[in-house]
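*Asks:* I'd like to go over a predicted model; first the sequence, then the structure.
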Amino acid sequence: MKVARFYAPGDIRIEQAPEPSPGSQELKIKVHNCSTCGTDLKIFRHGHHHIDPPRVIGHEIAGEVVEVGSEVDGWTPGDRVQVIAAIPCGECPDCKRGWMTICPNQRSMGYHYDGGFAEYMTVPHAVLKVDGLNRIPDSLSYAEASVAEPFACVLNGQELARVGEGDTVVVVGAGPIGCLHVRLARSRGAEAVYLVELSRQRLEMAAALVKSDAAICAADADPTEEIMRLTDGRGADVVITAAAAGKAQEEALKMAARRGRISFFGGLPKDNPVIACDSNLVHYRELTIVGANGSSPDHNKRALDLIASGAVPVDDLITHRMPLDGVLDAIHTVSTGEAIKVTIEP
C-alpha cells in the first residue's frame, strides 16, 4: 500500500509499505479521507517532539472497517468510522474528573501511532479503550466526517468560553478553524459574529462562505477600533483567537466587553509564547481568559452529530481534494492560504 511518511523537517516521502495487520485488540480500516491542518504544515517544517521518525502522519481520519481483532467487540467490516486524534489515557486523575482534553498521558494518531496518510491503517487499542472510534451517520460523507476532529476542538473551545444566546462574538483568524468557530457560534445562538484576518485574500474567501456579520482586514484597519465601532463602544462578549499570534491575544483583551470571555484557542510558537497582558483590563472589566486544548472522545461524537444535523455544515469548507500522492501539494496549499480545508483521499 501507499503511505506518506515523515522522516525529518522538509522530508516527507510517499512510499510503498506492507498493509498492516491488526492485533487482537485492534482493528484495521481502509482510509477514505484524512484531512490536513496547520499542524501538518508545522510538522513538515519543524518536526515534533512527540514524533519518532519515520512516522506516517495525518490525524483527521475517516474510513471503513475492513478487519477486526479477535478480542474487539461491537465492530464489523463495512462499518463507517471516524477516529479521534488526541487519545487520553482514561485512568489518570484528570481523565477521571472528565478533563480528558488535558490528560498528561495523552497520545496522538500520526504522532505516537501511524496516522491516516495511508491507504490502510490500524486503530490502536488505546483509541478503542476510551471509546474513541465513532460511527459516521449515514447522511455524512467520509470527507465531512474527517472534519469532525478539528470541529471537536472548536466545540471544546466554545464550551469553555460559554458562547451562547445573544452573544457578540469576534473570531480572529479566517482559516478552517476560524470558519468553524463562526458557524458554531451562530448555531449556539450568537447575535452577531465578526471575523478578523490579516490576509485580505483569505478573509474574502472565508467570509463569502460563512457570511460573518462583518469581515475586518487587520492589514487595512485597526481591529479593536472596528469592533468598538460595530458594538457602539461596548466590545465583544466573546473573543476567540483562532490564530497563532501573540498580537491577536493582546488585542483580544482590548476588544472584549465588560464580563467578556476570551479564548486563547490558537497556541503560540514555543520560542515566543509570552504576551503583554494589561491586567487592569482583566481586573476592572472582570474579564475571563480561558485556554482550549484539543478535544475529548465525547466532543468528537457530538461534533459528528452537529454536522449530521445540519447545524454546522462543513462540506463547502472543503475547498480542495487531493490523492495520497499529493500530500506535499496539499501541505503547500495549506501554507499559501489558498484553501480553507484540504482533504486527502487515498
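*Replies:* Good, I have the coordinates. Numbering: from 1, shown residues only.
*Asks:* just the helices in the protein please.
*Replies:* All helices of the chain, identified by DSSP state H, fall at 38-46, 93-96, 125-129, 142-146, 148-160, 176-187, 200-210, 223-230, 246-255, 279-285, 297-309, 327-336.
*Asks:* need phi/psi at the nearest residue to residue 46 once chain neighbours are set aside.
*Replies:* Distance criterion Cβ to Cβ, 6 or more residues apart in numbering; nearest residue to residue 46, sequence neighbours excluded, is residue 9 at 5.6 Å. In this view, the C-beta of every residue, glycine as well, is placed from N, C-alpha and C. With angles defined as degrees, to the nearest 10, residue 9 sits at phi -50, psi 130.
*Asks:* spit out the contact partners of residue 9.
*Replies:* 44, 45, 46, 47 (Cβ atoms under 8 Å, 6 or more residues apart in numbering).
*Asks:* any regions of this structure where pLDDT drops low?
*Replies:* The model of the chain has no residue with pLDDT under 70.
*Asks:* middle-most residue in it, spatially?
*Replies:* Central residue of the chain (Cα atoms, centre = their mean): residue 150, 2.4 Å from the mean position.
*Asks:* I'd guessed that one sits against residue 176; true?
*Replies:* Yes. Applying Cβ atoms under 8 Å as the test, residue 150 and residue 176 come out as touching, 6.5 Å apart.
*Asks:* overlap in contacts, these two.
*Replies:* residue 37.
*Asks:* just to revisit the earlier point, which of the helices of the chain sits closest to residue 64?
*Replies:* Among the helices of the chain, the nearest to residue 64 by Cβ to Cβ is helix 142-146 (8.0 Å).
*Asks:* show me what the closest one is packed up against.
*Replies:* The contact analysis (3 or more Cβ pairs under 8 Å, 6 or more residues apart in numbering; DSSP states H and E) places helix 142-146 against strand 27-35, strand 60-68, strand 80-83, helix 297-309, strand 318-322.
*Asks:* now the helices of the chain as TSV including distance to residue 67?
*Replies:* Below are the helices of the chain laid out as TSV (distance: least, Cβ to Cβ, whole Å):
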stretch	distance to residue 67
helix 38-46	27
helix 93-96	29
helix 125-129	14
helix 142-146	18
helix 148-160	23
helix 176-187	32
helix 200-210	38
helix 223-230	51
helix 246-255	45
helix 279-285	53
helix 297-309	22
helix 327-336	24
